[in-house]
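1. Kindly return the folded structure for what I paste below:
(one chain, ligands or ions: 1)
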Amino acid sequence: MNSPLGPERRVSGVSASIAPLIGNTPMIALRFMPEEVTIYAKCEFLNPSGSIKDRFARAVVEDAESRGLLRPGSIILECSSGNTGVALAMMGASRGYRVQIAISEKASCERRHLIRQLGGEVILFPAGGYRTGIDLTREMAAKDQRYFLPRQFENPLNSRDHEESTGAEILRQAPGPVAAFVTGYGTGGTLSGVSRALRRANSRTRIYAMEPAEAALLLGEAPCSHFIEGVADGFIPKLLDGAPIDGAIKIPSAAAMEMTQRLTREFGLLVGTSSGANVAAALRVAKELGRDATVVTLLCDRAERYFSTPLFTRVSPVSGVCELKAAG
Ligand SMILES: Cc1ncc(COP(=O)(O)O)c(C=O)c1O
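-> Okay, here's the model as predicted:
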């Protein structure tokens, strides 16, 4: 804030703070052989805190500051599966706000470490009890006026920001008319916002939701546990209401992890499990639409927040203890 460059500006390649470094992520063309198919993937893992959630964190903080809802002494309080918590903790550190994150016990411990390392406070709630986490934050906010709730699951700013930033960037970067866009959903902000932008530009763009095969809610199936963190939290989010979705593609957790490893080994992309799931779903769509179709997806976060998850570990049949998977 006290930068000689002035408030929150990026001038001649020098940024006054972290916020201007969010977004405008590169798009990478992934040429799959032997499939002979190219997928265009937006590198959201290159956002400063390591995930696509930096976009919402910046949007909600800047919006709340401009409306006087966030001021010195405010505390940012949010229920998150982790990435939003890390992103808000980063924004809080940069702007001087206290940040408290209600996070599920099942979220990878790397996320908790990152939130704490950024000075945020972690409030754990039981796995599967997402509503519990949201209710908890509401009760806390009702009792203390210092709290500001970003409310990522219902805040229309979440999808609006993706419409104006992520969606607009895809339209600028894609090498041709976007034939299809494929991604998973957590809050639904990305899928609904980006699909609105793409459809406005081209009514023929097909929109597909990636769903874990174990929790294909849009296909009317009951949710079971899965290993694709950041998506499908056990309910269809409000922000997907009215989103122009043409279909859902089921990706099993094992296939997501396999594709994530392929992205790392064949393309050098250190990304998380949902990125593998997104690309696996996009590949299926691209094979159907034909080689020349421009199919776009997102690489949502970094591999380093999954060291403790089955992407990097296996349960030893002898000890029952998680061990690091042998390389190669
Ligand atoms: C790790 C991760 N974070 C965030 C998102 C997007 O979530 P949301 O629906 O909340 O915008 C995804 C979607 O694929 C994801 O995989």
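2. and the closest residue to the ligand within the stretch 101-250 of the chain, what does it touch?
-> Minimum separation of the stretch 101-250 of the chain from the ligand (C-beta to the nearest ligand atom) falls at G230, amounting to 2.5 Å. All C-beta atoms are positioned from the backbone trio N, CA, C, and that covers glycine. By C-beta atoms under 8 Å, 6 or more residues apart in numbering, the contact set of G230 is S51, S81, G82, N83, G184, G186, G272, S274, C300, D301.
3. ditto for A232
-> G184, Y185, G186, E211, P212, A215, L217, P223, H226.
4. Now, those residues that are in helices?
-> The helices, defined by DSSP state H, take in nothing from the contacts of A232.
5. Please report which of those residues has the highest neighbour count.
-> Using other C-beta atoms under 10 Å as the neighbour criterion, G184 leads these with 27 neighbours.
6. Tell me the pLDDT of F148.
-> pLDDT for F148: 98.
7. Just confirm it contacts R67, I think it does.
-> No - counting by C-beta atoms under 8 Å, F148 sits too far from R67 to count as a contact (10.5 Å).
8. Looking at the two, which is more packed in?
-> Per other C-beta under 10 Å, whichever of F148 and R67 has more neighbours is F148, with 21 against 8.
9. ok, the more buried one - contacts?
-> Here F148 is in contact with A64, L69, L70, S74, I75, I76, L77, A141 (criterion: C-beta under 8 Å, 6+ apart).
10. Could I have the buried ones of those residues as ChimeraX selection syntax?
-> Buried residues within the contacts of F148, by 16 or more other C-beta atoms under 10 Å, are selected in ChimeraX with:
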select :64,70,74,75,76,77,141
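11. Kindly reformat the contacts of F148 as a markdown table containing pLDDT and distance to N202.
-> Output for the contacts of F148, formatted as a markdown table (pLDDT from 0 to 100; distance: C-beta to C-beta, whole Å):
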| residue | pLDDT | distance to N202 |
| --- | --- | --- |
| A64 | 98 | 33 |
| L69 | 96 | 36 |
| L70 | 97 | 37 |
| S74 | 98 | 41 |
| I75 | 98 | 43 |
| I76 | 98 | 37 |
| L77 | 98 | 39 |
| A141 | 95 | 41 |
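12. closest to Y130 among the contacts of F148?
-> Of all these, L77 has the smallest distance to Y130: 15.5 Å, by C-beta to C-beta.
13. Can you point out the helix or strand that includes A281?
-> helix 273-289 (DSSP states H and E).
14. buried set for that helix?
-> Neighbour counts over helix 273-289 (16+ other C-beta under 10 Å) mark 273-286 as buried.
15. Paired strands for the helix or strand just after it, with orientation please.
-> Later in the chain than helix 273-289, the nearest helix or strand by DSSP H and E is strand 294-299. Its sheet considered, strand 294-299 pairs with strand 37-43 (parallel), strand 178-184 (parallel) by DSSP bridges.
16. who in the stretch 101-250 of the chain is up against the ligand?
-> Contacts of the stretch 101-250 of the chain with the ligand, taken as C-beta under 6 Å from any ligand atom, map to T183, G184, Y185, G186, T187, G188, G189, T190, L191, G230, V231.
17. Could I get the contacting residues of the closest residue to the last one other than its chain neighbours?
-> Among residues not flanking V231 along the chain, G184 sits closest, at 3.6 Å (C-beta to C-beta, 6 or more residues apart in numbering). The contact partners of G184, by C-beta under 8 Å, 6+ apart, come to 191, 209-212, 228, 230-232, 274, 277-278, 281, 300.
18. change it to 6 Å
-> Taking C-beta atoms under 6 Å, 6 or more residues apart in numbering, we find G184 in contact with M210, V231, S274.
19. got JSON lines for the residues you listed, with pLDDT and distance to M90 too?
-> Converted to JSON lines, the contacts of G184 look like this (pLDDT from 0 to 100; distance: C-beta to C-beta, whole Å):
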{"residue": "M210", "pLDDT": "97", "distance to M90": "26"}
{"residue": "V231", "pLDDT": "84", "distance to M90": "21"}
{"residue": "S274", "pLDDT": "96", "distance to M90": "20"}
